[in-house]
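Novice: what follows is a predicted structure for the sequence shown.
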Amino acid sequence: HDGFIANAPVGSLLYDPNDNDACIPNNKSGACDFDHDTLPNSTDTDDDNDGVADADDINSYDPNSDTDGDQIPDDAETGGDAAYNAGVDSNPLDTDTDDDGLADGVEDADHDGVMDQNETDPVSNDTDEDSIRDNVEDENLNGTVDAGESDPRNPDDDNDGILTIDEDTNGNDDVLDDDTDLDGTADYMDPDPFAFIRLKAFLQGSFVQATGLMNDNLRTKLDSLGRPYIPLTEPYTGLVSPTGTKPFVHLGGGGGETIQSSVLNVTGPNAIVDWVFIELRSKLNPANRLLSRSALLQRDGDIVDLDGVSPVVIKTKTDDYYVAIRHRNHLGVMTAAALPLTRERVNSLFIDFTSSSTQVYVSPATPTALPMKTAGNYKVLWGGNANMDNKVNFQGANSDRSTIFFDVLNDPANTNGNFNFIRHGYRSPDTNMDGKVIYQGGGSDIDQMIFFNVLLHPNNTLNSASFQIFQQIP
């Protein structure tokens, strides 16, 4: 019943050389079973058994035909099982099965219907399940990882041991906009380590015990150009002590931090008081400084990053560190133990140096020393370190009082050498941080921060004016 006749003349269009086989001489006849599936072509809806219905197939008698023109044979796209399984097979009627912008023939580069190690998945728009679509990672849609592109097959794009999907540092479910260290490279593409830390501290010089806040006079007072006294670039790199030394030396890439002027427009408890100097020290030896950076101090004691609000980012690997806070005219303080820094932004390590419950370092050589001053219910950094060394010293060699004296006396505007002259600006001898350096008279920078700190120190049992308060950082 194939329409051909065995006894027709040889050479005739009707001649059938084998009348017992319906597929000879024409395997496309209705009586033939082209794909040997027991169904004759006349009733078989998929004659070549490639998983594409004859009505849709560009060539219903060729399983290797490419109906959608994506360079992958229909039979390969359907997995060779005569059926298209959505979610498993690429679609032989769609050049981009997963709608990720990458053609199936680009994702399946060797066109064999199998996802090989160096290929992306034409059935999934996020092959490596890193939360970034394949077409975003392969930006030019050419199936190769070019310069500047992330790898749609690699769930850890920067190979830093942290999965790309876990590098959503700001927690907004989008890893593309996270650049924690502000170096212009997104975290998921940046192997540079970083950790967060939340710190709180009060400076005696600006602390107002009645309010539990510090004043922000250095922010509210303006120079001759109408700018706040607080500089937009951290001051520590350029500081030189009266003896010619550099008391603050940045390590590990710290230094040069700069803020936008708008950061100093914030008022209230989150207003900026000044810059502080943060150090991380070795967990094996706290005398070994590993790295430093400058950050901002708010009136409520929070130490924040350069945007004026965020937790501080340290460019270091997650590990345990001793953490020290120093300031240009206060004695610094350090944790009593090495503490863990992590990449957790919200639940990062919190060290509250204003609380008496926070354990701080005391030199074993002076176990009764007081690393911080008590101000009511708070702990504050000792003020009065006008010459930026490691002690508060009222009288004697290199005293802080002398530093204030010479700062006032040597002001070019103090043409008469007046001891009562007031020097204005952002200066380390301004121990009470009111924007004025005063040697004698009302609001003197010597009285409260130096003289009374020394005279009334709990360990100064003889009320000696020569007593010295030493910084407790190795």
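Specialist: Done, it's in. Computed from a predicted model, the values in this text were never measured in an experiment. Numbers count the residues shown, from 1 in each chain.
Novice: next SSE after the helix ranked longest in the chain?
Specialist: If you go by DSSP state H, the chain has its longest helix at helix 400-409. Proceeding C-terminally, helix 400-409 gives way to strand 422-424 as the next helix or strand, assigned by DSSP states H and E.
Novice: which neighbouring elements make contact with that next one?
Specialist: Other helices and strands packing on strand 422-424, by 3 or more Cβ pairs under 8 Å, 6 or more residues apart in numbering; DSSP states H and E, are helix 400-409, strand 436-438. The way it works is simple: take the backbone N, C-alpha and C, and place the C-beta from them, glycine included.
Novice: which positions in whichever helix or strand comes after the last one come out as buried?
Specialist: From strand 436-438 onward toward the C-terminus, using DSSP H and E, the following helix or strand is helix 452-455. Using 16 or more other Cβ atoms under 10 Å as the test for burial, helix 452-455 gives 453, 454.
Novice: identify all contacting residues around helix 452-455.
Specialist: Outside helix 452-455, the residues within contact range by Cβ atoms under 8 Å, 6 or more residues apart in numbering are 204, 373, 382-384, 392-394, 460, 463, 465, 467-469.
Novice: buried among these? Need that as a selection in PyMOL.
Specialist: One line in PyMOL is enough to select the buried ones among the contacts of helix 452-455; burial here means 16+ other Cβ under 10 Å:
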select buried, resi 204+373+382+383+384+392+393+394+460+467+468+469
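Novice: reformat the contacts of helix 452-455 as a markdown table; add pLDDT and secondary structure.
Specialist: Putting the contacts of helix 452-455 into a markdown table (pLDDT from 0 to 100; DSSP: H, G, I helix; E, B strand; the rest coil) gives the following:
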| residue | pLDDT | secondary structure |
| --- | --- | --- |
| 204 | 98 | helix |
| 373 | 98 | strand |
| 382 | 98 | coil |
| 383 | 98 | strand |
| 384 | 98 | coil |
| 392 | 98 | strand |
| 393 | 97 | strand |
| 394 | 97 | coil |
| 460 | 97 | coil |
| 463 | 95 | coil |
| 465 | 96 | coil |
| 467 | 97 | coil |
| 468 | 97 | strand |
| 469 | 98 | strand |
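Novice: what bits of the stretch 351-474 of the chain have low per-residue confidence?
Specialist: Using pLDDT under 70 as the threshold, the predicted model of the stretch 351-474 of the chain has no low-confidence range.
Novice: export stretch 73-87 as PDB, just CAs?
Specialist: Output of stretch 73-87 as PDB, limited to C-alpha atoms (Å, rounded to 0.1, in the frame of the first residue of the first chain):
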ATOM      1  CA  PRO A  73      19.900  19.700  15.700                       C
ATOM      2  CA  ASP A  74      16.300  19.200  16.800                       C
ATOM      3  CA  ASP A  75      17.100  15.700  18.000                       C
ATOM      4  CA  ALA A  76      20.000  17.000  20.200                       C
ATOM      5  CA  GLU A  77      17.900  19.700  21.700                       C
ATOM      6  CA  THR A  78      15.200  17.300  22.900                       C
ATOM      7  CA  GLY A  79      17.800  14.900  24.300                       C
ATOM      8  CA  GLY A  80      17.300  12.100  21.700                       C
ATOM      9  CA  ASP A  81      14.200  10.700  23.500                       C
ATOM     10  CA  ALA A  82      11.600  11.900  21.000                       C
ATOM     11  CA  ALA A  83      10.100  14.300  23.400                       C
ATOM     12  CA  TYR A  84      10.700  18.000  24.400                       C
ATOM     13  CA  ASN A  85      10.800  18.200  28.200                       C
ATOM     14  CA  ALA A  86      10.500  21.800  29.400                       C
ATOM     15  CA  GLY A  87      13.000  22.700  32.000                       C
END
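Novice: now tell me what touches it from outside.
Specialist: Counting by Cβ under 8 Å, 6+ apart, residues outside stretch 73-87 touching it are 37, 46, 48-52, 57, 63-67, 70, 88-92, 104, 111-113, 123.
Novice: just the ones of these in strands?
Specialist: Residues of those located in strands (DSSP state E): none.
Novice: just the buried subset of those, please.
Specialist: Burial by neighbour count, 16+ other Cβ under 10 Å: within these this picks out 46, 48-52, 57, 63, 65-67, 70, 89-92, 104, 113, 123.
Novice: ok, now which ones touch residue 242?
Specialist: The contact partners of residue 242, by Cβ under 8 Å, 6+ apart, come to 387, 398, 403, 406.
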